[in-house]
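Participant: Sequence and predicted structure, then a few things I'm wondering about:
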Amino acid sequence: FDVGAQDGLLDGRGLDGNNQWPDESFNLPLFESTVREYYDESLRVSRVLLRAMALGLGMPAEHFDEDFARHTSYLRLNYYPTYPNPENFLCISPHTDAGALTVLSQSNVQSL
C-alpha cells in the first residue's frame, strides 16, 4: 500500500495522482487519518534529518529546504511474513531507493 503527498496539486494539472483509500466496506474508520498522521510525522523527521545533514556538511540548516519544498515522497506499507527458506518465496528484489533520503521503521525481523 502506497500513500504520498500526491493530491493532484503538485504539477498544477493533477498528473501526480491522488491517494486511493480503502472504502467503508473494509471497516477501517481510522485507517486514513492514522496513515496520514504517520506520513506527516515521517515527513517532519525527514526534514529534521536533511537539516542535520546540511549542518554536518558545514552549511546553514535551511540549505536544502527550498530544494525539498515540492517533493514526490511516499509512504509504503509492506508486510512480509517470515519464512524458514525466504529464497523460495517472492519478495522485493534487491534495489536502490530513488530520492535523497529513505526512512525505515525497524523491527526485530531481519530483512535488510
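Facilitator: Thanks, I have the structure now. Residues are numbered from 1 along each chain as shown.
Participant: Could you list the low-pLDDT ranges of this structure?
Facilitator: For the chain, the stretches flagged by pLDDT under 70 are 6-17, 86, 90-91, 109-112.
Participant: One more pass at 80, please.
Facilitator: 1-2, 4-19, 70-72, 78-95, 98-99, 105-112 (pLDDT under 80).
Participant: which residues of it fall in strands?
Facilitator: Using DSSP state E, the strands of the chain run over 2-4, 74-76.
Participant: any idea how far Glu66 is from Ser42?
Facilitator: With the distance defined as C-beta to C-beta, to the nearest Å, Glu66 ends up 20 Å from Ser42. Yep, even glycine has a C-beta here, placed from its N, CA and C like the rest.
Participant: who's more crowded, the two?
Facilitator: Neighbour totals were compared for Glu66 and Ser42, and Ser42 leads with 15 against 8 (other C-beta atoms under 10 Å).
Participant: Roughly how far does the closest residue to that one other than its chain neighbours sit from Thr82?
Facilitator: Distances taken as C-beta to C-beta, 6 or more residues apart in numbering place Val103 nearest to Ser42, at 5.7 Å, with adjacent residues excluded. Applying C-beta to C-beta, the value for Val103 to Thr82 is 23 Å.
Participant: So for those two, which sits in the more crowded spot?
Facilitator: Neighbours of Val103 and Thr82, each counted by other C-beta under 10 Å, are more numerous for Val103; the result is 11 against 8.
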